[in-house]
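Engineer: Make a model of this:
(2 chains)
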Protein chains: 2
Amino acid sequence: MPKIRRIPIDTHPENTAFLLRHAGGYSPEQFQALRKIRITGSCGEILATLALVDDPALLEPDEIGLGEQAFRRMGLPEGEEVEFAQALPPASLEYVRRKIDGDTLSESELNAIIRDISGHRYSPMEIGAFLVACASFMSTQETLAMTRAMIDVGNRLHWDAPLVVDKHCIGGIPGNRTSMIVVPIVAAHGLMIPKTSSRAITSPSGTADTMEVLANVDLTAERMSEIVATEKAVLAWGGRVNLSPADDVLISVERPLRIDTFEQMVASIMSKKAAAGSTHLVIDIPVGPTAKVRSQAEAVRLRKLFEYVARHIGIVTDIVITDGSEPIGRGIGPVLEARDVMAVLNNDEEAPEDLRDRALLLAGRVLDFDPSLEGGKGYARALEMLASGAALAAMERLIDAQGRQTLKLEPGHHQFEVRARSAGRVTAIDCHLIARIARMAGAPIDKTAGIDLFAKIGSQLRAGDPLYRIHAGTRTGLDFAREMAAENSGYELR
Amino acid sequence: MPKIRRIPIDTHPENTAFLLRHAGGYSPEQFQALRKIRITGSCGEILATLALVDDPALLEPDEIGLGEQAFRRMGLPEGEEVEFAQALPPASLEYVRRKIDGDTLSESELNAIIRDISGHRYSPMEIGAFLVACASFMSTQETLAMTRAMIDVGNRLHWDAPLVVDKHCIGGIPGNRTSMIVVPIVAAHGLMIPKTSSRAITSPSGTADTMEVLANVDLTAERMSEIVATEKAVLAWGGRVNLSPADDVLISVERPLRIDTFEQMVASIMSKKAAAGSTHLVIDIPVGPTAKVRSQAEAVRLRKLFEYVARHIGIVTDIVITDGSEPIGRGIGPVLEARDVMAVLNNDEEAPEDLRDRALLLAGRVLDFDPSLEGGKGYARALEMLASGAALAAMERLIDAQGRQTLKLEPGHHQFEVRARSAGRVTAIDCHLIARIARMAGAPIDKTAGIDLFAKIGSQLRAGDPLYRIHAGTRTGLDFAREMAAENSGYELR
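Structural biologist: Here you go, the predicted model:
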């Protein structure tokens, strides 16, 4: 039996195994034909893509090399003996083929697929095939079944409270960082709101990225529990607690292919919310010409799909359809967004009004879940929590509990102002494009990079007035973003 | 600028590039996020998937490692300086996304996709997405446009003759090795039939695999021309002459996903035939419960699609719908099939009659393309060429011209007979399963492996009578195949 050797090569997110091409005994050409092998050790098995090595210095004939990811997943020390064989394709691929042929799949079939996906038994190609087949048609029942399957394969957080509230936005609107205002308002009122968020994948910042400017967000489930016990809230990165491992794998393929169907969105969001232990949930669906949802009719279809799945998995859900025609707030990118959030919580006169209004609207809807509040009084209570400074105090306690960042970051020092070429009134701002320019500047990896907006829809401008300022931590980032903005600023004036 | 270093690791079919994780200057984390880089050298560029290396012994900080496939495709010596950058996704992916959304694509859009696919600019995931989107809906116009695009990106063979005939079977029927009989019959008559064939991908043998038992099939375009000039024919492996590089890439993804739509099939076959310079083509569509086409109605739809595309790319096509309810001939696997073919050409009394009949039917249809033959006389002429020994003589000359194999292979010495469990008449034989058992035995890589059938549909058997004999060159192969046959022999008796 061959012995494991660790090969210091990282092929994330794929497992790679290495064999000497001319090693005796095996027939690597046969393995090559299939490309995938199953490696079985004393404590489990992994699948890996096979690479053949021609240099005997890298590998002995009686060794099987594992890349760093495969080595970690195998979980055995170097030199351990393992067996390997051609990996048979997972049996659930048969269901994927049926889905490609247009079939509707049963709950147990979708379960099998999701189990294999979260177990890293599908190649990106196979995942892509599954997702595209689903994108062409997926029934509401299939969406529900997929949500349940995704919940089943992940961890589940448990909270010691009858009412565990949450708030989620489907995304797509730059600067829309309401969660970091809603959470302290709700916590100040006294409802439990343990919020797990994602990092940005295609946007300039996720809530976890922006919160990380102020506090540590990489918390274990245990630490989250402790914080929630005292603060009623947490604003943590969800990736650490493995809530929906299937979704993490699916997203790694969805994003490059830009598959963003309502069905995938609902299954992804609702599986994470159920796993995070939420009982009551407000969902924000922004609608606008450059938002994810482009018409009221589409928003209604999405609302119904959310409601159907939420009802069947037992989460009380309130859907809010909001204006998604332009970015919210002024700052886009982690540091700039954190600045806006703290300005709202501080009741600064300069704080962006639209961000404050949106946060209060959503916080009010969350507070309306509280049976002890008189019907419809949620908004007033939210306003009270914010205006009184109670929300700010709750946020400061939360930051301290999670671990305050000692390094105070400033917006990137490389700056450039994009200006109006002619006079006019701003009639449209392209959310997509603004997000892409902010990413070009370096956000979210460069936390100081982003865009600071000076004009919103309705602003009356003279030629030469600034539209926004690009910030970047590096000269290259600024140049990239500047070049893109020069081609199209994302603003329409008339 | 970094220098190229060849890394002795083969990650076929993907290009892999290696960077030291902690090399100064770059930000590998950023590259990692995108996973793909574009490497530009003095004579072209390649795209490669990035792997990070943690061992400075493998790579210097100022080096970029290229796996063997990437090194070959880059075509530069070690130590040459190259530039690299994040690879932007190919622009044509936008069309793939539109296809996923249900759009019909234009000829120029499909052209762009196929160009990028044949240029190895798509990942398997992206190819999978494109294929599945096409599988859900593809118009006849799109099928034609895709065929044309696939022709455009490949080489094209030119023959000095007004009539260049060919014969193709869509596959799926084990043992159906008629091409090796049709080609010598047609050549003996005097029509030009330069036949390029594939190796088996999911079947136990392709025509190229079986022909290789008798002669060299790995011929350059120049050598093919020389042979055709004297012999009027050739039986070569098509992979060598790069007829449809796009199809080669598509197939590498279609097969594992088992995407086998009529549209892909037609585009694949017709693009290869046009590239091979055929002017007249007979296509064999076997229909049967375990064949690729399962009903007469489906066969008619496929026939029409072939006819539409053939007419527009200017190939005269005659479609023959045949019985595909069971394997053809007796032997399955390269050596056993070659034996049957030679028996038919030799006019042996023992030669399998069904293989002989099928080959004569198809050869007759091919000869009916000859304007100098009286209408409908093709079959009689084919029979004459076979019975007179002219076809055998043509085959022997062809074998000598291509290069006769000096090693005469025998059917694998590890053998096992699968027997009828009870008495009865054979009512069905599962083509799929028989093919899988033959592959388990080792075919086509082990040329001596395969199955020798003793009973066909209609055979009256006693309990214990042999159904077939499994041959394998290795004990392991025999055991695998035997195990599979024990579960289900593939035969139904009643």
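Engineer: I'd like to know which elements the helix or strand where A:Leu383 lies is packed against.
Structural biologist: Applying DSSP states H and E as the criterion places A:Leu383 in helix A:378-387. When contacts are defined as 3 or more Cβ pairs under 8 Å, 6 or more residues apart in numbering or on different chains; DSSP states H and E, helix A:378-387 sits against helix A:179-189, helix A:353-367, helix A:390-402. Just so you know, the C-beta spots here come from the backbone N, C-alpha and C atoms, and that holds for glycine as well.
Engineer: pLDDT (mean, whole number) over the longest one?
Structural biologist: Okay, so that is helix A:353-367. The predicted model assigns helix A:353-367 a mean pLDDT of 98.
Engineer: now the shortest one
Structural biologist: Averaged over helix A:179-189, pLDDT sits at 98.
Engineer: Which other helices and strands does that helix contact?
Structural biologist: strand A:165-169, strand A:193-197, helix A:207-214, strand A:233-237, helix A:334-345, helix A:353-367, helix A:378-387, helix A:390-402.
Engineer: In the stretch 201-350 of chain A, what residue spans correspond to helices?
Structural biologist: A:207-214, A:221-231, A:245-257, A:262-275, A:296-313, A:334-345 (DSSP state H, counting those that start in this stretch).
Engineer: Next, the angle from the last one to helix A:207-214.
Structural biologist: Spelled out, it's helix A:334-345. Counting by axes from the mean of the first three to the mean of the last three Cα atoms, to 10 degrees, helix A:334-345 lies at 80 degrees to helix A:207-214.
Engineer: returning to that earlier point: and the helix holding A:Leu383, how far out from the chain middle?
Structural biologist: Put simply, helix A:378-387 sits 29 Å off its chain's centre (Cα atoms, centre = their mean, to the nearest Å).
Engineer: what's it in contact with?
Structural biologist: Residues outside helix A:378-387 that contact it (Cβ atoms under 8 Å, 6 or more residues apart in numbering or on different chains): A:181, A:184-185, A:188-189, A:344-345, A:347, A:356, A:359-361, A:363-370, A:373, A:390-391, A:394.
Engineer: ok, back up a step: of the helices of the stretch 201-350 of chain A, which shows the lowest average pLDDT?
Structural biologist: Of all the helices of the stretch 201-350 of chain A, mean pLDDT reaches its minimum on helix A:245-257 (a mean of 85).
Engineer: From the contact counts, what lies against that one?
Structural biologist: Applying 3+ Cβ pairs under 8 Å, 6+ apart, we find helix A:245-257 packed against helix A:107-118, helix A:124-136, helix A:140-152, helix A:262-275, helix B:93-100, helix B:124-136.
Engineer: now stretch A:431-447, how far from the chain's geometric center?
Structural biologist: With Cα atoms, centre = their mean, you get 16 Å for stretch A:431-447.
Engineer: With distance to A:Asp62 added, can I get the helices and strands packed on helix A:245-257 in JSON lines?
Structural biologist: Formatted as JSON lines, those follow (distance: least, Cβ to Cβ, whole Å):
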{"stretch": "helix A:107-118", "distance to A:Asp62": "31"}
{"stretch": "helix A:124-136", "distance to A:Asp62": "31"}
{"stretch": "helix A:140-152", "distance to A:Asp62": "40"}
{"stretch": "helix A:262-275", "distance to A:Asp62": "43"}
{"stretch": "helix B:93-100", "distance to A:Asp62": "43"}
{"stretch": "helix B:124-136", "distance to A:Asp62": "31"}
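Engineer: Got the domain ranges for chain A?
Structural biologist: A:3-86, A:93-137, A:165-240+A:277-402, A:414-493 (automatic domain parsing).
Engineer: For B:Ala435, which of these is the nearest?
Structural biologist: Closest approach to B:Ala435 among the domains of chain A (Cβ to Cβ): domain A:3-86, 15.4 Å.
Engineer: Now do that closest one, average pLDDT.
Structural biologist: Averaged across domain A:3-86, the pLDDT comes to 82.
Engineer: Export the top strand by length along chain A to PDB, keeping only CA atoms.
Structural biologist: Longest strand in chain A, counting residues (DSSP state E): strand A:44-53. These are the backbone C-alpha positions of strand A:44-53, laid out as PDB (Å, rounded to 0.1, in the frame of the first residue of the first chain):
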ATOM      1  CA  GLY A  44     -12.200   8.100   6.100                       C
ATOM      2  CA  GLU A  45     -11.700   8.800   2.400                       C
ATOM      3  CA  ILE A  46     -11.300  11.700   0.000                       C
ATOM      4  CA  LEU A  47     -11.700  12.100  -3.700                       C
ATOM      5  CA  ALA A  48      -8.900  13.800  -5.500                       C
ATOM      6  CA  THR A  49      -8.000  14.900  -9.000                       C
ATOM      7  CA  LEU A  50      -4.900  13.000 -10.200                       C
ATOM      8  CA  ALA A  51      -1.700  14.700 -11.400                       C
ATOM      9  CA  LEU A  52       1.200  12.600 -12.700                       C
ATOM     10  CA  VAL A  53       4.700  13.400 -11.600                       C
END
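Engineer: buried ones in stretch A:221-241?
Structural biologist: Neighbour-count burial for stretch A:221-241 flags A:221, A:223-225, A:227-228, A:231-241 (criterion: 16 or more other Cβ atoms under 10 Å in any protein chain shown).
Engineer: distance between it and the chain's centre?
Structural biologist: Put simply, stretch A:221-241 sits 17 Å off its chain's centre (Cα atoms, centre = their mean).
Engineer: Name the next helix or strand downstream of the strand or helix carrying A:Thr476, please.
Structural biologist: Using DSSP H and E, A:Thr476 sits within helix A:475-487. Using DSSP H and E, the helix or strand that follows helix A:475-487 in sequence is strand A:491-493.
Engineer: what's next to that next one, contact-wise?
Structural biologist: Residues outside strand A:491-493 that contact it (Cβ under 8 Å, 6+ apart) are A:420, A:422-430, A:455, A:461, A:467.
Engineer: related to what we said a few turns ago, touching the helix holding A:Thr476 from outside, list them.
Structural biologist: A:412, A:414-416, A:418, A:436-438, A:440-442, A:446, A:449, A:470, A:472.
Engineer: swap in stretch A:404-411?
Structural biologist: Contacts of stretch A:404-411 (Cβ under 8 Å, 6+ apart): A:212-216, A:331, A:334-336, A:339, A:447-448, A:450, A:452, A:471.
Engineer: Pull up the distance across it, start to finish.
Structural biologist: Start-to-end span of stretch A:404-411 (Cα to Cα, to the nearest Å) is 18 Å.
Engineer: ok, and the closest non-adjacent residue to the residue nearest the centre of chain A?
Structural biologist: Per Cα atoms, centre = their mean, the C-alpha nearest to the average position across chain A is that of A:Ser198, at 3.7 Å. Once flanking residues are discounted, A:Ser198 sits nearest to A:Gly206: 4.9 Å by Cβ to Cβ, 6 or more residues apart in numbering or on different chains.
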